[in-house]
Every structure is written in C-alpha cells, then in structure tokens.
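Novice: Here is a sequence with its predicted model. Questions after.
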Amino acid sequence: MYACRGNFTVIPGARPNDGVLDLYIASPRRFRQWIKLAWRLVTRQPKRDDQVDQHSGKRVGIRIDGKDNYQLDDDIVGESTTLTAEIQPGALTVCAPAPAPPSAAPMKASALPALTQLSPAGRTRRERRALRRDPYGLHPTVTEVDGRPIRSLIAGHSRDNSEVVFLAGLGAPGYLAPWARETSRWTRATIIDLPGWRAGHAQACTPTLGAIAMALARWLEVTERRDVVMLGHSTGAQAVLKTAQLIPELIRGLVLAGPTFDPDARTMPHC
C-alpha cells in the first residue's frame, strides 16, 4: 500500500518497488461523498464504488476535455489535455523496508510489551500528537508586516553562526520542523509560514511566488535580520531566489532543496 505523510494509506496494495504503475481515481461530487472518501482513507478500506476506482499497469494514458494543470512531485509544470505515464525500470532508486523473513513466527501474547511500554511506532504517534499541540516543538511568533500577520516558528540561538531561515513548498511548514530542530543545535533556525494558510485562506500574503518572496523580504527587514542563510524547498526555493534578488544585502547564502525546473530546461514534452 502507498502511504502519504501522516501515515494515511492512499492506494491499498500499491508498492513502490514492484515495477507497476498504480492509478487511483477518486471522483466525489457532494460533501457527503468527500466525507465518505476521507473516512475510507482513515480506516484504510480498499472498497471500490462509483466514487473510487483503482487500476495498475505498465502504462497509463489520461485524456480530459479542456486543458488543466498537471503536477510532478507536487509542482505544477504545465497544462495539457492528455497525459501519458509509463514505468522505466531502474530509473529511480527506492529505499523500502526489508520484507520479513518467511520463517518468522507470529509473536506470542506473552511476548507483547506491557501497556506501559510503547513500541517505536507508538512512541512516534504520541510524539506527533504532542508536536501538533505544541507547534511542531518550535516557538511560534507572529509579526505584523504591512498590516498582515506573518507567523514564524523558531528554535535555538544564533551564537556565532548565521541564522537559517526555512521556507517550505506549498505553504506547509510542518514537514521542515525536524530539519529546523536539528539545525537549532548549532544556530537559530526559523521557519516562515507563508502564505499563512488558515481555514483555506492565505492570511500573510497572496499565494503567488512574487507575493511570497516580497513578504519574506519585508519580514526580514521588519525583524532586522542580517547575514541570514535562506533555505527554500520545492516552490519555496523559487521564492527565496526572488527574495535574494530583492534584498541581497541581508542574505549571506542560499540553499535550494528540490527546486523546480526552469520551464526551458524541462525535457518532458508538453501535449
């Protein structure tokens, strides 16, 4: 099965290393159907019906009426009316858990840990719940910039090293928290929550690369940051590049993690 962040199973029975392309089609149209689909994901029910279908194969072709955006690794790379995807053996190295040995016997009840002792998976779940209650284990701060609130999550102290300012892709800062906590061992680490999604609305700035870059630049100026290293991931990498162009005198360095490709450098043909 394929699981996304949060350990939700999206495609039951799918494996990343079986050489098969899995296609999951969900088409809920009413609010009740969305609730039903969400419940299915939470309870990991592989049932199919008129809202959900699942296919697998070596090659998949999709055709729609009218152009629409398509994504690669969460990044929008163009518009198309058709899309063809196929397996290329050996094109990607995947790290996956080793299968259990065939001779492994079921664990006896007497060998189960006591209720007071949590398994590693249980500890991980408890830690995640605690982090959700305690802003990912970081210190939250809200700064008003040009009349709009910009939230930041901070850990550590600057000491003698430059502060590292993180900007996530798609406005979802939580997944950078472990990286920021590790960075805080040797300097101050700050995650900027832009565009600041709350209840489906961007509170800090308009959700465009230009607006996010400008908001980040203004936040650095208002908070009197100097000599910082900015780290951007995915679309955040594009935004920090624009920020560095706006205020190069405040930036010591840039780290681009998983940046999106320049449209002119993409080799995949547009349909």
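Specialist: Good, I have the coordinates.
Novice: and the nearest residue to Q238 once chain neighbours are set aside, what is it in contact with?
Specialist: The shortest distance from Q238 to any non-neighbouring residue, by C-beta to C-beta, 6 or more residues apart in numbering, is to L209 (5.4 Å). C-betas here are computed from N, CA, C, even on glycine. By C-beta atoms under 8 Å, 6 or more residues apart in numbering, L209 lies in contact with T235, Q238, A239, K242.
Novice: from those residues, which has minimum pLDDT?
Specialist: Checking pLDDT across the contacts of L209, the minimum falls on T235 at 88.
Novice: Quick one: list the elements packing against the strand ranked longest in the chain.
Specialist: Criterion DSSP state E: the longest strand present in the chain is strand 59-72. Using 3 or more C-beta pairs under 8 Å, 6 or more residues apart in numbering; DSSP states H and E as the contact test, the elements touching strand 59-72 are strand 21-26, strand 75-86.
Novice: can we see that at 7 Å?
Specialist: strand 75-86 (3 or more C-beta pairs under 7 Å, 6 or more residues apart in numbering; DSSP states H and E).
Novice: Quick check: neighbours of the strand it packs on in the sheet, parallel or antiparallel?
Specialist: strand 59-72 (antiparallel) (DSSP bridges).
Novice: Okay, now the unreliable bits of the stretch 1-150 of the chain?
Specialist: 1-10, 12, 40-51, 72-77, 92-135 (pLDDT under 70).
Novice: re earlier: give me the subset of the contacts of L209 that lies in helices.
Specialist: Among those, DSSP state H puts T235, Q238, A239, K242 in helices.
Novice: surely the first one meets G169?
Specialist: Yes - with contacts defined as C-beta atoms under 7 Å, T235 counts as touching G169 at a distance of 4.4 Å.
Novice: which parts of stretch 23-34 are buried?
Specialist: Q33 (16 or more other C-beta atoms under 10 Å).
Novice: if we look at that stretch, which residues are touching it?
Specialist: V10, I11, L37, Q51, V52, D53, Q54, H55, S56, V60 (C-beta atoms under 7 Å, 6 or more residues apart in numbering).
Novice: Identify the residue spatially nearest to the third one, adjacent ones excluded.
Specialist: Counting by C-beta to C-beta, 6+ apart, P28 is the residue found nearest to L37 once chain neighbours are left out, at 5.1 Å.
Novice: SS state for that neighbour?
Specialist: Following DSSP: H, G, I helix; E, B strand; the rest coil, the label given to P28 is coil.
Novice: What is the neighbour count of Y136?
Specialist: 21 (other C-beta atoms under 10 Å).
Novice: My guess is it contacts Y175. True?
Specialist: No - if you go by C-beta under 7 Å, Y136 and Y175 don't touch, sitting 9.2 Å apart.
Novice: Overlap of the contact sets of the two?
Specialist: Joint contacts of Y136 and Y175 (C-beta under 7 Å, 6+ apart) do not exist.
Novice: quick one: pLDDT of the closest residue to P259 other than its chain neighbours?
Specialist: In this structure, P259 finds its nearest non-sequential neighbour in A237, 3.7 Å apart by C-beta to C-beta, 6+ apart. Note on A237: pLDDT of 92.
Novice: What's the local residue count around E144?
Specialist: 9.
Novice: Quick check: it is in a helix.
Specialist: No - counting by three-state DSSP, E144 is not found in a helix; it is strand.
Novice: That one: what's it in contact with?
Specialist: For E144, no contacting residues are found, by C-beta under 7 Å, 6+ apart.
Novice: List the buried residues for stretch 185-205?
Specialist: 187-197, 202, 204-205.
Novice: and A217, how far is that from A180?
Specialist: 20 Å (C-beta to C-beta, to the nearest Å).
Novice: which one of these two has more residues nearby?
Specialist: Set side by side, A217 and A180 show more neighbours around A180, with 24 against 21, by other C-beta under 10 Å.
Novice: Skip the chain neighbours and tell me the closest residue to the more buried one.
Specialist: That would be A189: by C-beta to C-beta, 6+ apart, it lies 4.0 Å from A180.
Novice: go on, A244?
Specialist: Ranked by C-beta to C-beta, 6+ apart and with sequence neighbours excluded, the top spatial neighbour of A244 is I251, at 4.9 Å.
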